[in-house]
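> Fold the following.
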Amino acid sequence: MACRIGELVLGCRDPEVLAQFWCEVLDFVVLGREEGQWAEIGTPEGFGGPHPTLFFSRRDEPEPGKLRLHIDVNPTDRDQAAELERLLALGARRADIGQTGEEQWHVLADPEGNEFCLLKARINPL
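Predicted coordinates for the structure are as follows:
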């Protein structure tokens, strides 16, 4: 038997802000929280369900160096351009990591500056 990812943990200054942002991006719900300390989001099935949960843990200072893990998201019910506009309206911002402009993805940052990519291909929402 193999392992599977149960949750992804991100240290952040404000777990509530990131939980709200990523709930809107991914159509997740808040599964649990301790005010100001942590928040966990995921599908309504919760931990162990079909998707990993995201756990935001409060950290006063960011970890030194660049985050080596980032999230890729795909649109489900609209094209990439429409989804890009939705994400920007939610508070994402464009991030420049040296793209040429020819990529089929957009590099964005969440409200705390964590980079993620919006890919072109649409996938089923499940």
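> low-confidence ranges in this protein?
Regions of the chain meeting the criterion pLDDT under 70 cover residues 1, 62, 66, 126.
> rerun that using 80 as the cut-off
Judged against pLDDT under 80, the low-scoring parts of the chain cover residues 1-3, 61-69, 125-126.
> Find the helix or strand that the residue most central in space within it is a member of.
When the chain is reduced to its mean C-alpha position, the nearest residue by Cα atoms, centre = their mean turns out to be Trp22, at 5.0 Å. In the assignment (DSSP states H and E), Trp22 maps to helix 15-26.
> next one: Ala82
Once you assign secondary structure using DSSP H and E, Ala82 falls within helix 80-90.
> likewise Glu40?
Here Glu40 is covered by strand 38-42, with elements defined by DSSP H and E.
> isn't the residue nearest to the centre of the chain right up against Ile41?
Yes - shown here, Trp22 and Ile41 form a contact pair, counting by Cβ atoms under 8 Å, at 6.0 Å. All C-beta atoms are positioned from the backbone trio N, CA, C, and that covers glycine.
> quick one: common contacting residues for those two?
Counting by Cβ atoms under 8 Å, 6 or more residues apart in numbering, the contacts common to Trp22 and Ile41 are 28, 54, 56.
> didn't the last one look like it was pressed against Phe21?
No - Phe56 is beyond contact range of Phe21, at 9.8 Å (criterion: Cβ under 8 Å).
> start to end distance for stretch 94-105?
Between the opening and closing residues of stretch 94-105 we find a distance of 11 Å, counting by Cα to Cα, to the nearest Å.
> cool, stretch 10-20 as well?
Rule used - Cα to Cα; the end-to-end distance of stretch 10-20 is 14 Å.
> What lies in contact with that stretch?
Contacts made with stretch 10-20 from outside it, assessed by Cβ under 8 Å, 6+ apart, are listed as 30, 33, 35-41, 54-60, 62-63, 110-112, 114.
> switch the cut-off to 10 Å
Residues lying outside stretch 10-20 but in contact with it, judged by Cβ atoms under 10 Å, 6 or more residues apart in numbering, are 21-22, 28-31, 33-41, 54-63, 67, 69, 71, 90-91, 110-114.
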